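**Q** return atomic coordinates for the entry below.
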Amino acid sequence: MTAHHIENSEYIENRTFDEITIGDTATLVRTLRPEDIQMFAIMSGDINPAHVDPEYARSSMFREVIAHGMWGGALISTVLGTQFPGPGTIYIDQTLHFSRPVRVGDTLTVTVTCQKKFDHNKHMILDCECINQDGQKVIKGTAEILAPTEKVKRLKADLPEFKLSETKKSRFEHLLEITKGLAPISMAVAHPCDNESLKGALLARDRGLIIPTLIGPEDKIRQLAEANQLSLHDCVIINTAHSHDSAEIAVAMAREGKVEALMKGSLHTDELMSAVIDKTTGLRTDRRVSHVFLMDVPTYPRLLMITDAAVNVAPTLEDKVDIVQNAIDLGLMLKIAEPKVALLAAVETVNPRMQATLDAAALCKMADRGQIKGGIIDGPLAFDNAISIVAARTKGIKSAVAGQADILLVPDIESGNMLAKQLEYLADALTAGIVLGTRVPIVLTSRADSAETRTASTAVAVVMAHAKRKKA
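**A** Model (predicted):
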């Protein structure tokens, strides 16, 4: 009798009918991970809540999520198809008896043993058994296979890398958790006269984030709601003739304390921001007005803030002081203990011919002198060093920020806007946008943004409004 263990060699090789004798065995050892259950559910379409819904599973007889029964069956198939007998094996029949569940963290030893051989048709009967780490039998069965008669030895196939990432919907839900326990705030929505801007405001209302005041042509708003089967309950509508009026009234309401936040509807950004920055009737503070994109990027382990990619076209050093401080203050409101700020440039060294590197060096020294507070600042840093600690180490950069930045300060609006849009459209980032440095937070989104993006941005505004309440 011979025993064979599956190993991670470069080749895959079978054992032919003539090479196997009765009593020969092969084993495979595999530990169940949470992602194994998720991948099996994706592959098979079996989304039985006993396997994929922890809340439901806690109320089941097993009290926790368990593996699909056929996950263990698939391990038996793995042994048969890759090693014993291996390539060339044809499945004829399989019986399986399931004795107990397999839980996350359980380690199964799969053993396949040759029980019978039939010379006339090259069939074999194989005993199949899965035992867990406690020596308990999990699965027992028999397989009948047509064994290969020709020797096969080939390089293992190079399969695509397979990674699980949260869906945009689940990441959206996680982002909304920042508002957990917070009461809805009053928000003026300036000119919600297209589908997504109206849906965004009403979705935020339905999620308990805001009590909306819709400012725009009332007939058009009601027609949109009716066409999209949207309810306008709990909404105040202020009728206006055009988008200019909508912007001015929304800003006036915020200035007078009638609402705690603003949301841009379908009007142009310039129209709203012109009213916001008006020195007499606008919403300026002693800080420079700036914008932050908050991005949940699937390939980055923390929320990423990019500033400024929407308001300041070519910020001066003085402007950047406020832009950085605005972003740090937002990070602190979002419970980031000590926001790490990477000052981006094309290179990591100070170059007198590259203004972004000179500004970065000055900002770092200003932070050292307490002119910027609450965060850790470093730069100049190239993008790769800011978000990859491996890249930073390769270049010999020692930094508390490199590879783990929370905030990216971009040199100008063009680089920032391109970076943010690339992450959104090429990296499937979930995006929220908010204006800072004004009397109230302003949800400033693109007209192309979805209702979900607008609602995610609203969640940030809710956190900011409640932080302001605490200070008052």
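**Q** residues in contact with H191?
**A** Neighbouring residues of H191 by C-beta atoms under 8 Å, 6 or more residues apart in numbering: S197, I215, G216, T240, S243, S246, A247, G265, S266, L267. For every residue, glycine as well, the C-beta is placed using N, CA and C.
**Q** can you list phi and psi of it for me?
**A** In this entry, H191 is assigned phi and psi values of phi 60, psi 60 (degrees, to the nearest 10).
**Q** please tell me how far it sits from A204.
**A** To A204, H191 is 16 Å away according to C-beta to C-beta, to the nearest Å.
**Q** next one: G69
**A** Computed as C-beta to C-beta, the G69 to A204 distance reads 43 Å.
**Q** which of those two has more neighbours?
**A** A204 (30 against 16; other C-beta atoms under 10 Å).
**Q** so that one touches L214, yeah?
**A** No: if you go by C-beta atoms under 8 Å, A204 and L214 don't touch, sitting 11.9 Å apart.
**Q** tell me which stretches of the stretch 151-300 of the chain form strands.
**A** 153-155, 185-190, 210-216, 236-239, 261-264, 290-296 (DSSP state E, counting those that start in this stretch).
**Q** sheet-wise, list the partners of the fourth one with their directions.
**A** If you go by DSSP bridges, strand 236-239 pairs up with strand 210-216 (parallel).
**Q** kindly report the same for the second one.
**A** Strand 185-190 sits in its sheet next to strand 210-216 (parallel), strand 261-264 (parallel), going by DSSP bridges.
**Q** residues in contact with the longest one?
**A** Counting by C-beta under 8 Å, 6+ apart, the neighbours of strand 210-216 from elsewhere in the structure are 184-193, 198, 201-202, 204-205, 221, 232, 234-240, 243, 246, 249-250, 253, 258-259, 261, 263, 265, 458, 462.
**Q** again, 7 Å this time
**A** Strand 210-216 is contacted by residues 184-193, 201, 204-205, 221, 234-238, 240, 246, 249-250, 253, 259, 265, 458 when judged by C-beta atoms under 7 Å, 6 or more residues apart in numbering.
**Q** likewise the last one?
**A** Counting by C-beta under 7 Å, 6+ apart, the neighbours of strand 261-264 from elsewhere in the structure are 185, 187-190, 201, 250, 254, 272, 440-445, 454, 458, 461, 465.
**Q** recalculate using a threshold of 8 Å.
**A** So strand 261-264 is contacted by 185-190, 192, 197, 200-201, 204, 210, 212, 250-251, 254, 272, 276, 440-445, 454, 457-458, 461-462, 464-465 (C-beta under 8 Å, 6+ apart).
**Q** just how off-centre is that strand within its chain?
**A** Its chain's average C-alpha position is 25 Å from that of strand 261-264, according to C-alpha atoms, centre = their mean, to the nearest Å.
**Q** with stretch 272-287 instead?
**A** With C-alpha atoms, centre = their mean, you get 34 Å for stretch 272-287.
**Q** just stretch 435-451 next, same as before
**A** 21 Å.
**Q** what about the helices in the stretch 251-400 of the chain?
**A** 269-276, 317-333, 355-368, 383-387, 389-394 (DSSP state H, counting those that start in this stretch).
**Q** any chance of these in TSV with distance to V65, mean pLDDT and mean neighbour count as columns?
**A** What follows is those, written out as TSV (distance: least, C-beta to C-beta, whole Å; pLDDT from 0 to 100; neighbours: other C-beta atoms under 10 Å):
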stretch	distance to V65	mean pLDDT	mean neighbour count
helix 269-276	46	92	20
helix 317-333	34	97	21
helix 355-368	46	96	19
helix 383-387	33	94	22
helix 389-394	33	89	15
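**Q** confirm that M418 sits in a strand.
**A** No: read with DSSP: H, G, I helix; E, B strand; the rest coil, M418 is helix and lies in no strand.
**Q** and M61, which of the strands paired with strand 185-190 is closest to it?
**A** The closest of the strands paired with strand 185-190 to M61 is strand 210-216. By C-beta to C-beta, the value is 42.8 Å.
**Q** for the closest one, C-alpha coordinates in PDB please.
**A** Output in PDB follows, covering the C-alpha atoms of strand 210-216 (Å, rounded to 0.1, in the frame of the first residue of the first chain):
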ATOM      1  CA  ILE A 210     -31.800  64.900   6.300                       C
ATOM      2  CA  ILE A 211     -35.000  66.800   6.400                       C
ATOM      3  CA  PRO A 212     -34.900  68.400   2.900                       C
ATOM      4  CA  THR A 213     -36.000  71.700   1.700                       C
ATOM      5  CA  LEU A 214     -36.200  71.500  -2.100                       C
ATOM      6  CA  ILE A 215     -35.500  74.800  -3.800                       C
ATOM      7  CA  GLY A 216     -36.400  75.100  -7.500                       C
END
